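Student: sharing a sequence plus its predicted fold:
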Amino acid sequence: NGYVYTVFFDSTETQLYIARSSDGGTTWTLKLIYAAPVGAPILGNIFAALAIDGGSGLHIVFSDAHHVFLTSSSNLGATWTPPVRVNNGSNSRSAMQPWVTAGAYGKVNVTWLGSSDASALDSAAQWQVFMAQTTNAFANVPVFAQSAVTGVNHVGPICNNGLGCASGTRNMAEYWTPDVYLDGNQYIVYPDDHNSNLPSGSARTWFVHQTGGPTVR
């Protein structure tokens, strides 16, 4: 419909906002979507991500380093569903850097980096790319189908402290992306710095795509 949106955290990384423009970016309105309870983990791990589905539904994902959350709006951002947890199971106890793509109305893919380790900063944490799909994002209790997309593609900590991160903690992660093909299947391109079987310095970029199961077309 020509609206433009951007989503971001405040400086405390505990409040999630959306800005909306209905005139191509000349003017903007700002809305608080979610504020974490006092004492809860910070939310800025590392970005929030936004997708717009084919029916103009809005979908935002974010992480507190342990859980990935999805919140959705059916009225151009005026109101939002309570955030629901997406990741599930012991193999995704830590969850970082979620991204979201959308197809038809209410049909959403969420991808993230997950590890069975309880701490994202553990030097032995083993990370995989996960994907969860829902076809009813606006339901009171959306149903997600989760699967591991890759094997281990990063070993070690993932830090979200920007330039304050120790050397070696941010050497992948920011640079992977999903998209949805015309048939509704998910496409993912990701880097691999888990090179135990490769010569030193020979990192690779990989492409995977969904071949079955629920789709977001």
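Tutor: Looks like it came in fine.
Student: give the contact list for the most centrally placed residue in the chain.
Tutor: Central residue of the chain (C-alpha atoms, centre = their mean): Pro98, 1.4 Å from the mean position. The neighbours of Pro98, taking C-beta atoms under 8 Å, 6 or more residues apart in numbering as the test, are 49, 61-63, 68, 86, 110-112. C-beta coordinates here come from the backbone N, C-alpha and C atoms, glycine included.
Student: element containing it?
Tutor: Counting by DSSP states H and E, the secondary-structure element that holds Pro98 is strand 94-102.
Student: immediately after that strand, which helix or strand?
Tutor: Beyond strand 94-102 on the C-terminal side, the first helix or strand identified by DSSP H and E is strand 108-115.
Student: give me the mean pLDDT for that following strand.
Tutor: Averaging pLDDT along strand 108-115 gives 92.
Student: quick one: whichever helix or strand comes after that strand to chain centroid distance?
Tutor: Where DSSP H and E defines the elements, the next helix or strand beyond strand 108-115 is strand 126-134. From the chain centre to the centre of strand 126-134 is a distance of 9 Å (C-alpha atoms, centre = their mean, to the nearest Å).
Student: so which elements touch strand 126-134?
Tutor: On a contact count with 3 or more C-beta pairs under 8 Å, 6 or more residues apart in numbering; DSSP states H and E, strand 126-134 meets strand 108-115, strand 145-148, strand 154-155, strand 186-192.
Student: now those in CSV, with distance to Asn136?
Tutor: Listed next are those as CSV, based on distance: least, C-beta to C-beta, whole Å:
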stretch, distance to Asn136
strand 108-115, 9
strand 145-148, 11
strand 154-155, 32
strand 186-192, 17
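Student: surely Lys81 is in contact with Ser73?
Tutor: To be clear, residue 81 is Thr; Lys isn't right here. Yes: if you go by C-beta atoms under 8 Å, Thr81 and Ser73 touch, sitting 7.4 Å apart.
Student: give me the more crowded residue out of those two.
Tutor: Neighbours per residue, other C-beta atoms under 10 Å: of Thr81 and Ser73, the larger number sits with Ser73, 21 against 16.
Student: quick one: pLDDT of that one?
Tutor: pLDDT recorded at Ser73 is 97.
Student: who's the closest spatial neighbour of it, skipping the chain neighbours?
Tutor: Nearest non-adjacent residue to Ser73, counting by C-beta to C-beta, 6 or more residues apart in numbering: Leu58, 4.3 Å away.
Student: in this structure the one you found contacts Gly77, no?
Tutor: Yes: contact status for Leu58 versus Gly77: in contact at 5.7 Å, counting by C-beta under 8 Å.
Student: list the contacts for Leu16?
Tutor: Contacts for Leu16 were tallied using C-beta under 8 Å, 6+ apart; they are 7-9, 32-35, 43, 48, 60, 62.
Student: most neighbours among these, which one is it?
Tutor: Greatest neighbour count in the contacts of Leu16, by other C-beta under 10 Å, goes to Phe62: 27 neighbours.
Student: from Asn1, how far off is that residue?
Tutor: For Phe62, the distance to Asn1 equals 24 Å [C-beta to C-beta, to the nearest Å].
Student: show me where this structure dips below the pLDDT cut-off.
Tutor: Segments of the chain classed as low confidence (criterion: pLDDT under 70) are 45, 160-163, 167-176, 193-203, 214-217.
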